[in-house]
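In: just coords:
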């Protein structure tokens, strides 16, 4: 038989047990916090119809989407009808795509089950998404997103709660120095209005200033000029973005500049309300800032936006989110307010691994039961079933090829305890238990052993 | 803006929170048992190279596989080179496929990380697989498999442990009447040898007799004839398969018939050894049978095979598995023994829902904190953060539009408790707690409330 060289697609990963334990550790913390805040789980199919996915993520999104070939008669029909194959006709040969994010599927779900779902609907979703991006450090083609969204409430309390969730997750995970940056698309609109640029050009301004971390202020200036924003307007926009200091001072400074802009003033009031709720919810003031440069790249945000970053290592944002009151309407025709956040779990895991913030367990197994020789097999099998009945994770080494090899295996696997049940022990109806970390071994009754292992 | 009618691909499902809670309940039990038996988690990419997937699942598998269109320049190149489009040329336009099962990815992983993985390698994997099958009741195009496999041990103890895991999971899930059917491919080979059919026709015989539950014994006879098995051979095969009764009697009857077949005798010895280990492991004898008709459709089994069924409702098997000592060799060139099982979690969930074996919780949220009016918002926010600090899952209703609506929401969501923090309560520094199931309400301190909720 021909041997197939084993490999996986570019940008994808296998997670061996040790990596899985780390992923499970992080995901369990995130899930626990989501549920503590009253969010319920949702899962959607990995494959969606291309109609649902297309046109939601911009031109780049349509290119980076993994598309699935039609099957059976559908593909046969295409085969008969298409005489000349053209790549621009992928819609003729592909009908489905792999999920690109979790926000569009949520919006589809809300529209599709509008009569079954009670609003407000607070859901979390932890599933993989796929993007055929150029793979690079920390960027994968298949990666998990962890989203929590609150659908159906226009209250700033929903945004404050989202920030409280981010704050609690990052804290419980062990991050000491992080900042949640807060801004509001309405303030940015106010600034655009104040600068004299047409309001429908707002997204151009957002995309440019969103790049400040990568290209610096001079870069933003160049980018704004390229996007045909006038020198005059730029001279009005940039100084406002520079305003920093105490949150109250920023807000009052911006407020007086934008007092003639209705949308700008509304944005400032929203942030004021948001911050007052965050204070009631006891979010440490040290953990957040108002950063007028924060713009977020996605088009669908309509109100408060937030992103969190760590100082070290420099790796970009760990979370990103905001309010999107008009996206669900694209599916339902009815505008339903919504706000939420995505946790970039792959980046969080990478940073935590780099900063050694992960527990070091290599296995969830507590004890290895050895087999002394062929005659004691049954006794070992009976013993391990007792250990499992007590709810203790345990493994038995099936091949009775010497204790030395079995001890070596336990050590290699990181299993902390080893049990020996030889003829000596059997005679006294006892077992020997060795603690591999301490290097200590003692003979004891089965009951005593269960106590130690618990 | 044009509204897109929200829908999902044929054979896929959205899992709303109530369904998710049921899925999580079943998956948690399965995971806990897997880990109790020392199995560690593994995850592999949803997308695999077509080379890895093709030819492993038979002709049908290649047809039912979801294939992914090439991207970017790869597809452009095809567009330039292909003048006429033909569906048989899908390999020109598709390079990846969605995962079709979890056993082939496991085999690929073992071969790919041969130097990093310590054998025996006991892994569990709970992930979706995709098959473009005709959707029907209980059969989906995207569905989860739960696999536990033991790689690297040829001992019958590994097979006994797999059966112990199946037995424990079905028992803990609450199944009262189930049977684990056991057979051995080597016994079937012995029977083929005894019947005078060429040994390389063994798989034909297996595929035919595997259908007995669907088509009956006469159907099997017809199918064997169609597959050009002679009348004479059929007359020798079928009476053996009919042998039933006590396991010891079955084995000794078959043993004397197959005494001249080396492979048949080996199979019988393996089953004897397997059953002796199962007895040491305390698996109730009532829960398993030797069923010589059990054959399993997949080609890769080489030793013991097992399947479990419930009497009611008639729904086919809940689990299926067996030993496959030669599959990994297809990737590594080196034969590594392996055995394991798949749990058909979709079918298990369907049966448990039908038999009302599921917990009825609609939410994991314990309590709803209401907002009495605009003035008490901050007090409610402070209160809910205290509840969350105590680790209690809780939700706050953001829009202070009357208590009645908030109570109705809690009731609809299945949240068992509601807290009211009105001016009366605030004055005494107390809260009112209502138990919606009992319909009882009482005023108490925050500390007392936390006690009740815990």
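Out: Nice, thanks for sending it over. This is a predicted model, so every value here is computed, not measured.

In: count of residues packed around residue A:24?
Out: The local packing count at residue A:24 equals 16, with neighbours defined by other Cβ atoms under 10 Å in any protein chain shown. Where C-beta positions appear, they are placed from N, C-alpha and C, glycine not excepted.

In: Secondary structure of residue A:208: a strand, I assume?
Out: No. Under the criterion used here (DSSP: H, G, I helix; E, B strand; the rest coil), residue A:208 is helix, not part of a strand.

In: who's in contact with it?
Out: For residue A:208, the contacting residues are A:220, A:223, A:224, A:227, A:229, taking Cβ atoms under 8 Å, 6 or more residues apart in numbering or on different chains as the criterion.

In: Excluding sequence neighbours, find me the nearest residue to residue A:154.
Out: Closest residue to residue A:154 apart from its sequence neighbours, by Cβ to Cβ, 6 or more residues apart in numbering or on different chains: residue A:337 at 4.1 Å.

In: Which secondary structure state does the closest residue to residue A:209 other than its chain neighbours sit in?
Out: Using Cβ to Cβ, 6+ apart and skipping residues adjacent in sequence, the residue nearest residue A:209 is residue A:295, 5.0 Å away. Here residue A:295 takes the coil state, with states given by three-state DSSP.

In: for residue A:404, same thing?
Out: Under three-state DSSP, residue A:404 falls in the helix class.

In: Which secondary structure element is home to the residue in the stretch 301-450 of chain A that chain B sits nearest to?
Out: Using Cβ to the nearest Cβ, residue A:395 is the residue of the stretch 301-450 of chain A that sits closest to chain B, at 2.8 Å. Counting by DSSP states H and E, the element that carries residue A:395 is strand A:394-396.

In: for the residue nearest to residue A:140 when sequence neighbours are not counted, what are its contacts?
Out: When the adjacent residues along the chain are set aside, residue A:140 lies closest to residue A:11, with 5.2 Å between them (Cβ to Cβ, 6+ apart). By Cβ under 8 Å, 6+ apart, the contact set of residue A:11 is A:132, A:133, A:135, A:139, A:140, A:141, A:142.

In: Wait, the third one touches residue A:10, no?
Out: Yep, that's residue A:135 we're talking about. Yes. Proximity of residue A:135 to residue A:10 meets the contact threshold set by Cβ atoms under 8 Å, at 5.7 Å.

In: any residues in contact with both of the two?
Out: Both residue A:135 and residue A:10 are contacted by residue A:141, under the criterion Cβ under 8 Å, 6+ apart.

In: Helix, strand, or coil at residue A:95?
Out: Looking at residue A:95 with three-state DSSP, the answer is strand.

In: Contacts for the strand or helix carrying residue A:433, please.
Out: Under the assignment given by DSSP H and E, the secondary-structure element containing residue A:433 is strand A:431-435. Identification of contacts with strand A:431-435 by Cβ under 8 Å, 6+ apart yields A:383, A:407, A:416-422, A:425, A:440-446, A:449, A:452-453.

In: Report the buried residues of that strand.
Out: For strand A:431-435, burial by neighbour count (16 or more other Cβ atoms under 10 Å in any protein chain shown) applies to A:431, A:432, A:433, A:434.

In: Where does pLDDT dip in chain A?
Out: Scanning chain A for pLDDT under 70 picks out the ranges A:1-2, A:58-59, A:73-91.

In: domains of it?
Out: Segmentation of chain A into domains, based on automatic domain parsing, reads A:10-154+A:325-361, A:367-453.

In: Is it possible to get JSON lines of those that adds distance to residue B:27?
Out: Supplementary listing: these in JSON lines, determined by distance: least, Cβ to Cβ, whole Å:
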{"stretch": "domain A:10-154+A:325-361", "distance to residue B:27": "11"}
{"stretch": "domain A:367-453", "distance to residue B:27": "17"}
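
In: Distance of residue A:415 relative to residue A:369?
Out: Taking Cβ to Cβ, to the nearest Å as the measure, residue A:415 falls 10 Å from residue A:369.
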